[in-house]
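Colleague: here is a sequence together with a model predicted from it:
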Amino acid sequence: MAKDKEKNKQVTVKMPLVEALVNFLHSKHISFHTPGHLGFGASTSIKKLLGHQLFQADLTELEGLDSLHEPTGPIQQAQALAAQAWGSDQSYFLVNGSTSGVQAMLLATCAPGDVVLLARNSHRSVIHGLVLSGAIPVWLEPDWNDYLGTAEGVSLASMEKALAANPQAKALCLVYPTYYGQVDDLEATIKLAHQKGLTVLVDSAHGSHFAYHPQLPDCAVALGADLVVHSAHKTLSALTQGAILHRKGQRVDSQRLAQALRMVQTSSPSYPVMASLDAARAQMVTEGYAGLENVYQQAQALRQKLLSTAYTWVEYPDWTRWTIALEGSGFALETWLALQHNLHAELVSWNHVVFLTSYCTPKTHSEQLLYALEHYPLPAGQPMYRPTALPKIGAQACSPREAYFAANEAVLWKEAVGRISAYSVEPYPPGIPVLLPGEVISQEALDYLEAVSQAGGTLSGGMAAGYLRVVVEKC
Ligand SMILES: Cc1ncc(COP(=O)(O)O)c(C=O)c1O
């Protein structure tokens, strides 16, 4: 792992997959293979937008370019370098985001009927992984941040209780960090879970960069998790959809994991996405510390400056996420920043906005953000948005898989109380389901969804145009 800056400096930059693509392109090959644009045939307008080189590099499994699902050449080498960089035993490139990694983690470790302990603030990809695998969830309630109305993490005490109450559980699946940059005592949790024989799966979609700065929380791989998924496209320079799944130790069968990845990933993986993963790793190993240190300094400066304003800087261990709260609507602030300053945030909720920074955020961006915030005309009478806490998960009438496969119908959401939700329903972002497939719909859950919608949030999943998808008969 490359957490200290001296190591950052010494590493030779090898990018086997990037180099293989460059060599292949220099060979001026004649294409009788996919993709249909043959490297040069796309329309001029799209080539102008994306650059003709992107199409040239958009290749497939050709001589010398290896194969994602059976790697023996540059992809294998690039993945091995990723394993070295993050400290895993084996790392796998993902071309369908952490979503595919989360699904593969569950498919590789749980059989239908197996019990898995899950943080209630899991992303919807976890729910879809439950539908695919047939695993039965036992939900762990996280602690709440009443000021923001957000989940913080599952305490060690709750974890101990859940482990004692569910001795049959096969796996534990956690979010580390949360969308806001909060982390649990993951090391202690992993130890506890391992003592009880559970496999630990960590959705670290937002934590790819942790390995590269000592003042960030430790990387989940270093803390002993069995499987960890990183959305390298979220906080590193990988192209969107580029993610990495890491395996460490012997608890997970590598053959079954590879098979699960073949199930959830395309058989035509994007070479630009995979090459960008190779390059993002090399970049973090060599320049990650310096870039993150720059952001650390910016975060400290902005936090200091906001002390004398009406905003509240909400402190989280991941200081690359800037959560800024106000006595007013986060949605109104976010819209104003976008319309008036062309400044676009990562996440908005009741009374706060989350700004994502990364190793390459320039100082001018934080200066522009401060300038804009200082000029926001906070209306004197704007109502204080009292965050509503996510309702507790309701009774589960059937498993997510049974609910998904049961016949369903659309009912007016106001008439859905007492019915069984067919799909998940979640405000997006952050994509944390309020209703789960198989859950008995409560008035509390509907009130929460209505409150999100009225505050300006976007709902996704089994709710459309005022209708909810519910199971027709008992599943
Ligand atoms: C906690 C968490 N896990 C998984 C995902 C899915 O990641 P991806 O968009 O890379 O598929 C997200 C996406 O926002 C997320 O927030």
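Modeller: On my side now, so go ahead.

Colleague: now name the helix or strand holding the residue lying closest to E444 once chain neighbours are set aside.
Modeller: Closest residue in space to E444, ignoring its immediate chain neighbours: P391 at 4.2 Å, by Cβ to Cβ, 6 or more residues apart in numbering. C-beta: built from backbone N, CA, C; applies to glycine. Here P391, judged by DSSP states H and E, is contained in no helix and no strand.

Colleague: go on, A42?
Modeller: Assigned by DSSP H and E, A42 falls outside every helix and strand.

Colleague: so it touches Q56, yeah?
Modeller: No - taking contacts as Cβ atoms under 8 Å, A42 lies outside contact range of Q56: 10.1 Å.

Colleague: beta partners of the closest residue to A464 other than its chain neighbours?
Modeller: Here the nearest residue to A464 in space, its sequence neighbours aside, is A410; by Cβ to Cβ, 6+ apart that works out to 7.9 Å. For A410, the beta-bridge partners are R469 (DSSP bridges).

Colleague: measure A410 to V434 for me?
Modeller: Per Cβ to Cβ, to the nearest Å, A410 is found 18 Å from V434.

Colleague: same deal with A455?
Modeller: 13 Å.

Colleague: in terms of neighbours, single out the busier of these two.
Modeller: Taking other Cβ atoms under 10 Å, A455 and V434 do not tie; V434 has more neighbours (24 against 19).

Colleague: flag every residue of this protein that's near the ligand.
Modeller: Counting by Cβ under 6 Å from any ligand atom, the chain comes close to the ligand at 97-99, 102, 123, 125, 175, 179, 203, 205, 231, 243, 430-431.

Colleague: tell me if D447 really is in a helix.
Modeller: Yes - the assignment for D447, made by DSSP: H, G, I helix; E, B strand; the rest coil, places it in a helix.

Colleague: just the pLDDT for it.
Modeller: Looking at D447, its pLDDT is 91.

Colleague: what is the burial count for it?
Modeller: 12.

Colleague: helix/strand/coil for the residue lying closest to S204 once chain neighbours are set aside?
Modeller: Here the nearest residue to S204 in space, its sequence neighbours aside, is A220; by Cβ to Cβ, 6+ apart that works out to 4.6 Å. Taking three-state DSSP as the rule, one finds A220 in the coil state.

Colleague: is G466 in contact with A410, as I believe?
Modeller: No - in this structure, G466 is not within contact of A410 by Cβ under 8 Å, at 9.4 Å.

Colleague: strands of the stretch 251-400 of the chain, start to end?
Modeller: Secondary structure of the stretch 251-400 of the chain (DSSP state E, counting those that start in this stretch): strands located at 312-314, 321-325, 347-349, 352-356.

Colleague: closest to A20 out of the ones you listed?
Modeller: Closest approach to A20 among the strands of the stretch 251-400 of the chain (Cβ to Cβ): strand 352-356, 31.4 Å.

Colleague: what are the pairing partners of the closest one, and which direction each?
Modeller: Strand 352-356 has these strand partners (DSSP bridges): strand 321-325 (antiparallel), strand 347-349 (antiparallel).

Colleague: just to revisit the earlier point, now for the strands of the stretch 251-400 of the chain, which one comes closest to I30?
Modeller: strand 352-356 (43.1 Å).

Colleague: next, the buried residues of that closest one.
Modeller: 352-356 (16 or more other Cβ atoms under 10 Å).

Colleague: closest residue of the chain to the ligand?
Modeller: In the chain, the residue that lies nearest the ligand is G97 (2.4 Å; Cβ to the nearest ligand atom).

Colleague: need the contact list for that residue.
Modeller: Listed by Cβ atoms under 8 Å, 6 or more residues apart in numbering, the contact partners of G97 are 205, 231, 233, 240-243.

Colleague: show me where the stretch 1-150 of the chain has its helices.
Modeller: 5-10, 16-26, 44-50, 52-56, 74-86, 97-109, 124-133 (DSSP state H, counting those that start in this stretch).

Colleague: which strand residues sit across from the nearest residue to T312 once chain neighbours are set aside in the sheet?
Modeller: In space, and not counting its chain neighbours, T312 is closest to A325: 4.3 Å by Cβ to Cβ, 6+ apart. In this structure, A325 bridges to T312, H352 when assessed by DSSP bridges.

Colleague: let me know how buried A325 is, in neighbour terms.
Modeller: 22.

Colleague: that one reaches E315, doesn't it?
Modeller: No - at 11.1 Å, A325 does not count as touching E315 under the criterion of Cβ under 8 Å.

Colleague: and A211, helix, strand or coil?
Modeller: A211 falls in the helix class when you classify it by three-state DSSP.

Colleague: wait, isn't it in contact with A220?
Modeller: No - applying Cβ under 8 Å, one finds A211 not in contact with A220, separated by 9.5 Å.

Colleague: where does pLDDT dip in the stretch 1-150 of the chain?
Modeller: Across the stretch 1-150 of the chain, the ranges flagged by pLDDT under 70 are 1-12.

Colleague: where does L174 land in three-state SS?
Modeller: Per three-state DSSP, L174 ends up strand.

Colleague: ok, back up a step: got the helices of the stretch 1-150 of the chain as TSV, with distance to Y147 columns?
Modeller: Listed next are the helices of the stretch 1-150 of the chain as TSV, based on distance: least, Cβ to Cβ, whole Å:
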stretch	distance to Y147
helix 5-10	35
helix 16-26	45
helix 44-50	43
helix 52-56	44
helix 74-86	33
helix 97-109	28
helix 124-133	25
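
Colleague: please identify the most buried of those.
Modeller: With neighbours defined by mean count of other Cβ atoms under 10 Å, none of the helices of the stretch 1-150 of the chain is more surrounded on average than helix 97-109, at a mean of 26.

Colleague: confidence score at W350?
Modeller: 88.

Colleague: got the phi/psi numbers for it?
Modeller: With angles defined as degrees, to the nearest 10, W350 sits at phi -40, psi -70.

Colleague: surely it meets G330?
Modeller: Yes - between W350 and G330 there is a contact under Cβ under 8 Å: 5.9 Å.

Colleague: higher neighbour count, the two?
Modeller: Comparing W350 with G330 by other Cβ under 10 Å, the one with more neighbours is G330, at 26 against 23.

Colleague: from A205, how far out is T235?
Modeller: On the measure of Cβ to Cβ, T235 and A205 end up 9 Å apart.

Colleague: may I have stretch 57-67 exported as CSV, CA atoms only?
Modeller: The C-alpha trace of stretch 57-67 is given here as CSV (Å, rounded to 0.1, in the frame of the first residue of the first chain):
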residue,chain,number,x,y,z
ALA,A,57,-8.9,2.8,-28.2
ASP,A,58,-12.4,1.2,-27.9
LEU,A,59,-11.1,-2.2,-28.8
THR,A,60,-12.1,-5.7,-27.8
GLU,A,61,-10.3,-9.0,-26.8
LEU,A,62,-7.7,-9.0,-29.6
GLU,A,63,-4.2,-10.5,-29.7
GLY,A,64,-2.1,-8.9,-27.0
LEU,A,65,-5.1,-7.2,-25.3
ASP,A,66,-6.1,-10.0,-23.0
SER,A,67,-9.6,-10.8,-21.7
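
Colleague: enumerate the positions of that stretch that are buried.
Modeller: So, applying 16+ other Cβ under 10 Å, buried residues of stretch 57-67: 57-59, 61, 65-66.

Colleague: can you check stretch 176-189 too?
Modeller: 176-184, 186, 189.
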